[in-house]
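Chemist: pasting the sequence and the predicted model now:
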Amino acid sequence: MKEYIEERAVAIANYIIDHNATVRQTAKRFGISKSTVHKDVTDRLTHINPGLASQARVVLDVNKSERHIRGGMATREKYQHRLAICSKEDE
């Protein structure tokens, strides 16, 4: 494996752990795809640094278990915002 890929995998794992970041947030921060983030953390990092990989995996598992809640909150905020705009127009 090329050295820059190993360095990226370690940097990604550290970012996820330090910022409690989701795959999507991490991908945006590093300018790579979500698939690459997932591959780096689950496959590549287990060969490079298994301890770090397991720490990052814990954070990703928590984020995955909470994603339906975050999605529901985003939808709620969207419709509350629309309701507020419609209320202002009626005044």
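Modeler: Alright, I've got the coordinates.
Chemist: excluding chain neighbours, what is closest to the residue nearest in space to the middle of the chain?
Modeler: Centroid-nearest residue in the chain, with Cα atoms, centre = their mean: residue 22, separated by 1.5 Å. Nearest non-adjacent residue to residue 22, counting by Cβ to Cβ, 6 or more residues apart in numbering: residue 63, 4.8 Å away. (C-beta placed from N, C-alpha, C; glycine too.)
Chemist: got the contact list for that neighbour?
Modeler: Neighbour list for residue 63: 20-23 [criterion: Cβ atoms under 8 Å, 6 or more residues apart in numbering].
Chemist: could you identify the most distant pair in these?
Modeler: 20 and 23 (12.2 Å; Cβ to Cβ).
Chemist: give me the mean pLDDT for the biggest helix by length in the chain.
Modeler: Ranked by number of residues, the top helix in the chain under DSSP state H is helix 50-90. Helix 50-90 carries an average pLDDT of 83.
Chemist: chain center to that helix: distance?
Modeler: 11 Å (Cα atoms, centre = their mean, to the nearest Å).
Chemist: then stretch 5-12?
Modeler: With Cα atoms, centre = their mean, you get 15 Å for stretch 5-12.
Chemist: do stretch 78-91 as well
Modeler: In terms of Cα atoms, centre = their mean, the centre of stretch 78-91 is found 31 Å from the chain centre.
Chemist: give the buried residues for stretch 62-71.
Modeler: residue 63 (16 or more other Cβ atoms under 10 Å).
Chemist: could you pull up phi and psi at residue 21?
Modeler: phi -90, psi 150 (degrees, to the nearest 10).
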